[in-house]
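> Here you go, sequence then predicted model.
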Amino acid sequence: MSLRAVKSSALVLLLTLASVAMAHEVLPAIADMTEVDGALQFEVRANVESFVAGIDLTDVADTNAAPEAADYDSLRALDPATLAGRFEAFWPKMASRITVRFGDSVVTPNLIGVQVPEVGDTGIVRPSTFQFAVPIPAGADSVQVGWDTAFGTLVIRQQGVENPYDGYLEAGAISDSIALAGGGQVGQWQTFANYLPVGFDHIVPLGLDHILFVLGLFFLSTHFRPLLWQVTSFTVAHTITLALAALGYVSVPSSIVEPIIAASIVFVAVENIVARGLSPWRPAVVFGFGLLHGLGFASVLGQFGLPAGAFIPALIGFNIGVELGQLFVIAVAFLCVWQAIRVDRGANEVTQASALYVVLIIIFGSLAVVLEVATGILPITAVEGIPLFTFLAPLTVLSFLCLLSVHFRDHLSAYRRIVAVPASAAIAVVGAYWFVERVFL
């Protein structure tokens, strides 16, 4: 096989990365809980179309991937009054799957009302608001709240008391016991710790566009210094806008931010192909794109409702979680390619490297095939709604390219020509698809 044929095959194989082309549509619901005249009232901001359509929000990261996608899309196009009526009709089924527990007593909630915004861009989530209430049993001084796993993540915010409770409940989780009189606010350090995984999750596995951008930075060069310059520039930039946006000083519509984030992926990937090292302007360009990625992080963080009494620890915890997620992506990529890089630089480890990549291909490839075929049979086939195949298939292809790079080690810049350039080209294609999708589709 010629080197040209290898490069063509590599590019075709790496286009499996296009399977990560998903929109960020599954968002947590936010419930404000207030005690009013002997009852607990909840005001919930959520995507009610997903509830009515019957989508299991733990199975998908994008509602378009759900079996009920057609029903969901038709609901998004309904006028406010009609959708409100559909939700009211659905409410008895939903109420039976909401848990409000006072000690040993579980109380079924009653719907008070629902408000649905006008139909806008049907490609963007339309958050509605609904209210329900439960009577407080005599003598009750605490409550636990939760709902069915299929309804997804729930953020509970207690209102009208000192030191209010703020909780981030994973799908299906039940809150800790919440004191009705207040005093259940989580401490500063605990809040910091609670928001670390939220930030990490927004990169791995949920931040597919941010993952590709970081990989675009990684594939520029095999040397550490260019990567350090880029990651530092990106980190400083997105930290600035994340803080400013979270504090309310900056606000840019996601309809502007998301397409530019996709464009940033295309830019860094294409420059990897045409440039052979760190250009003088690359850190500045990455800094500019980092400002926009920070706005993207902030839009997601805003969906969680940062606790007012522990805003700074939550913000810092989320940001550090994001950084840990980015470092994890870089670490995984480095562990996959480091032997190919060593051989490309002249290390006499061809047999060892070849054996390693054959093993990785077998492991990643077998898992990818098994999980793809056995979807719906195995108990674990997805991570937070994203199929594991999405990650395993690219890792299999990357390992295969590294094996080819080792095989063609005698060719000039084998790693760059067989691994870095095809990988960057595939990243650029996916970024371009996202840009078109977010602007025109």
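Received it, and whenever you're ready, just let me know what you need. Numbering: from 1, shown residues only.
> CA atoms for contacts and neighbours, from now on please.
Will do.
> Residues contacting stretch 190-207, please?
Stretch 190-207 is contacted by residues 61, 210-211, 297, 310, 313-326, 329, 383-384, 386 when judged by C-alpha atoms under 8 Å, 6 or more residues apart in numbering.
> Please work out which residues outside stretch 322-338 touch it.
For stretch 322-338, the surrounding residues in contact (C-alpha under 8 Å, 6+ apart) are 196, 199-204, 211, 214-215, 218, 235, 395, 398-399, 402.
> Only alpha carbons, please: show that stretch as PDB.
Provided in PDB are the C-alpha atoms of stretch 322-338 (Å, rounded to 0.1, in the frame of the first residue of the first chain):
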ATOM      1  CA  VAL A 322     -13.600  22.300  32.900                       C
ATOM      2  CA  GLU A 323      -9.800  22.500  33.100                       C
ATOM      3  CA  LEU A 324      -9.600  18.900  34.400                       C
ATOM      4  CA  GLY A 325     -11.800  17.800  31.600                       C
ATOM      5  CA  GLN A 326      -9.500  19.400  29.000                       C
ATOM      6  CA  LEU A 327      -6.400  18.000  30.500                       C
ATOM      7  CA  PHE A 328      -8.100  14.500  30.500                       C
ATOM      8  CA  VAL A 329      -8.800  14.900  26.800                       C
ATOM      9  CA  ILE A 330      -5.100  15.800  26.100                       C
ATOM     10  CA  ALA A 331      -3.900  13.000  28.300                       C
ATOM     11  CA  VAL A 332      -5.900  10.400  26.500                       C
ATOM     12  CA  ALA A 333      -4.800  11.700  23.100                       C
ATOM     13  CA  PHE A 334      -1.200  11.800  24.200                       C
ATOM     14  CA  LEU A 335      -1.300   8.200  25.600                       C
ATOM     15  CA  CYS A 336      -2.700   7.000  22.300                       C
ATOM     16  CA  VAL A 337       0.000   8.700  20.100                       C
ATOM     17  CA  TRP A 338       3.100   8.900  22.200                       C
END
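> quick one: buried residues of it?
322-330, 333, 336-337 (16 or more other C-alpha atoms under 10 Å).
> Closest to residue 165 out of the contacts of stretch 322-338?
The shortest approach to residue 165 among the contacts of stretch 322-338 belongs to residue 196, at 18.4 Å (C-alpha to C-alpha).
> Tell me the first helix or strand C-terminal of whichever strand or helix holds the closest one.
Per DSSP states H and E, residue 196 falls inside helix 188-203. Moving toward the C-terminus from helix 188-203, the next helix or strand (DSSP H and E) is helix 208-218.
> Could I get the buried residue list for stretch 190-199?
Applying a neighbour-count criterion of 16+ other C-alpha under 10 Å, the buried positions in stretch 190-199 are 191-199.
> Widest-spaced pair of those?
Largest separation among those by C-alpha to C-alpha: 191 and 199, giving 12.5 Å.
> thinking again about what came up before, for residue 141, state which of the buried residues of stretch 322-338 is nearest.
Taking the buried residues of stretch 322-338 together and measuring to residue 141 by C-alpha to C-alpha, the closest member is residue 322, at 37.7 Å.
> separation between the closest one and residue 147?
Counting by C-alpha to C-alpha, to the nearest Å, the gap from residue 322 to residue 147 is 28 Å.
> swap in residue 334?
41 Å.
> try residue 80
Taking C-alpha to C-alpha, one finds residue 80 at 25 Å from residue 147.
> between these two, which one's more packed in?
Ranked by neighbour count (other C-alpha atoms under 10 Å), residue 80 and residue 147 place residue 147 first, with 23 against 18.
> just to revisit the earlier point, can you tell me which of the buried residues of stretch 322-338 end up in helices?
Cross-referencing the buried residues of stretch 322-338 against helices under DSSP state H gives 322-330, 333, 336-337.
> Neighbours of residue 421, how many?
Residues lying near residue 421 (other C-alpha under 10 Å) number 23.
> Enumerate every residue touching it.
219, 272-273.
> And residue 163, its phi and psi?
The phi/psi pair for residue 163 (degrees, to the nearest 10) reads phi 50, psi 60.
> Make sure it is actually in contact with residue 181.
No - assessed by C-alpha atoms under 8 Å, residue 163 is found out of contact with residue 181, at 9.2 Å.
> Neighbour count: those two, which is higher?
Between residue 163 and residue 181, counted using other C-alpha under 10 Å, the more crowded position is residue 163 (17 against 14).
> Could you check the pLDDT of the more buried one?
pLDDT, residue 163: 84.
> cool, the one 10 residues further on as well?
Among the per-residue scores, residue 173 shows a pLDDT of 90.
> The spatially closest residue to it that is not a sequence neighbour sits in which helix or strand?
Leaving out its chain neighbours, the residue that sits closest to residue 173 by C-alpha to C-alpha, 6 or more residues apart in numbering is residue 146, at 6.0 Å. Assessed by DSSP H and E, residue 146 sits inside strand 142-147.
> for residue 172, same thing?
With DSSP H and E as criterion, residue 172 is part of no helix or strand.
> So what's the residue count around it?
Neighbour count for residue 172, taken as other C-alpha under 10 Å: 19.
> mind checking the backbone torsions on residue 221?
phi -150, psi 160.
> next one: the one 10 residues further on
For residue 231, the backbone dihedrals are phi -70, psi -40 (criterion: degrees, to the nearest 10).
> ok, the closest residue to it other than its chain neighbours to residue 275 distance?
Excluding the flanking residues, the one nearest residue 231 by C-alpha to C-alpha, 6+ apart is residue 217, at 7.6 Å. For residue 217, the distance to residue 275 equals 12 Å [C-alpha to C-alpha].
> Could you point out the helix or strand that follows the helix or strand of the chain with the lowest mean pLDDT?
Ranked by mean pLDDT, DSSP states H and E, the weakest helix or strand in the chain is helix 3-14, scoring a mean of 50. Sequence order places strand 29-36 as the next helix or strand after helix 3-14, per DSSP H and E.
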